[in-house]
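Colleague: structure of the sequence below:
(one chain, ligands or ions: 1)
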Amino acid sequence: MGEPLLEVKGIDVAYAGGAHALREAGIDISAGERVGIIGANGAGKTTIARTITCMTRSYRAVVRSGSVHYDGRDITRWPAHRALRNGIVTIPEGRGIIANMTVEDNLRLVLVALPRNRRGSLTEAWSMYPVLGERRRSMAGLLSGGEQQMLAVARALLARPRLIVADELSLGLAPKIVKDLLAGLSLRAAGEGTAVLLIEQAAVLSLQFVDRAYVLDHGRVVSTGTSDELRHGGDMTARYLGIE
Ligand code: ATP
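Modeller: Numbers count the residues shown, from 1 in each chain. Predicted coordinates for the structure are as follows:
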């Protein structure tokens, strides 16, 4: 086995306000793999997403110890734009869509931040989600919740990612919509060898889409296993997640 694409080791992260969000947490993900991080409210899921995408600084959080390696390089203290330019792309919690910009401009905005070799084409976005193409001149804020999440997925794929970090993609959406979104994302990711880190409070749903997962609790990884093990293991993890 080669090195994992991403390796987070013993990471400790704290916010300026004092919240100690991650405690010696470690995860890894290989190229093309689909891995989940599940956990309750406040477990540290969003903080680990911010850490991997090098966005802690924007939220006044500090990596106190530990490291993040990506593609063999130590990226722990990289700025976020460098991570993006190297193929680490987020679908952020809350989608990060700019409501008073058109659908097309939301996509163009990411294109200008990318080096030429990482720029996908708008045509690909429209063919993946025809509804976005039809509404490309509409303000993004006028789209339905599901369509806005499609826009967030399309925007991530446009950056030709090697690793997609999706944070609470399911939030506020009907299960059928979430399943369609995840199926589309998985298909595209598999086709291009993109690794997907799916960060979700919705454990049952997440485990249907990932090969294996980590369970985060109060900033620590308390369990890990394949989706089947976590679903049917009958151990404390299943009980803890309420998915027995
Ligand atoms: P949720 O599902 O509620 O988003 P989560 O698992 O994503 O939870 P985090 O958002 O990472 O968890 O929060 C972990 C801890 O860090 C919590 O105690 C939270 O209050 C704190 N925290 C998160 N964001 C910030 C911030 N911007 N400033 C200060 N503290 C924060």
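Colleague: residues in contact with residue 158?
Modeller: Shown in contact with residue 158 (C-beta atoms under 8 Å, 6 or more residues apart in numbering): 107, 110, 111, 119, 120, 121, 122, 124, 125. In this view, the C-beta of every residue, glycine as well, is placed from N, C-alpha and C.
Colleague: against residue 106, how distant is the nearest residue to it once chain neighbours are set aside?
Modeller: The shortest distance from residue 158 to any residue other than its chain neighbours is 4.2 Å, reached at residue 120 (C-beta to C-beta, 6 or more residues apart in numbering). Counting by C-beta to C-beta, to the nearest Å, the gap from residue 120 to residue 106 is 14 Å.
Colleague: so residue 160 makes contact with residue 87?
Modeller: Yes - look at residue 160 against residue 87 with C-beta atoms under 8 Å: they come within range, at 6.8 Å.
Colleague: overlap of the contact sets of these two?
Modeller: Joint contacts of residue 160 and residue 87 (C-beta under 8 Å, 6+ apart) are residue 118.
Colleague: ok, those two, which is more surrounded?
Modeller: A side-by-side neighbour count of residue 160 and residue 87, using other C-beta atoms under 10 Å, places residue 87 first with 20 against 17.
Colleague: hang on, the more buried one packs against residue 163?
Modeller: Yes - Residue 87 is within contact range of residue 163, at 6.4 Å (criterion: C-beta under 8 Å).
Colleague: wait, the residue nearest to residue 158 sits on residue 159?
Modeller: Yes - Residue 120 lies in contact with residue 159 (C-beta under 8 Å); the separation is 7.0 Å.
Colleague: what about residue 28, which SS state?
Modeller: Here residue 28 takes the strand state, with states given by DSSP: H, G, I helix; E, B strand; the rest coil.
Colleague: if you skip the residues just before and after it, what's nearest to it?
Modeller: Using C-beta to C-beta, 6+ apart, the nearest residue to residue 28 is residue 4, at 4.0 Å.
Colleague: for that neighbour, give me its contacts.
Modeller: Taking C-beta under 8 Å, 6+ apart, we find residue 4 in contact with 28, 29, 30.
Colleague: may I ask which of these has the most neighbours?
Modeller: Most surrounded of the contacts of residue 4: other C-beta under 10 Å gives residue 29, at 24 neighbours.
Colleague: let me see the ranges of the helices in the chain.
Modeller: 45-52, 80-85, 103-112, 122-128, 130-134, 145-158, 175-192, 203-209, 227-232, 236-241 (DSSP state H).
Colleague: against residue 188, how distant is residue 125?
Modeller: Applying C-beta to C-beta to residue 125 and residue 188 gives a distance of 11 Å.
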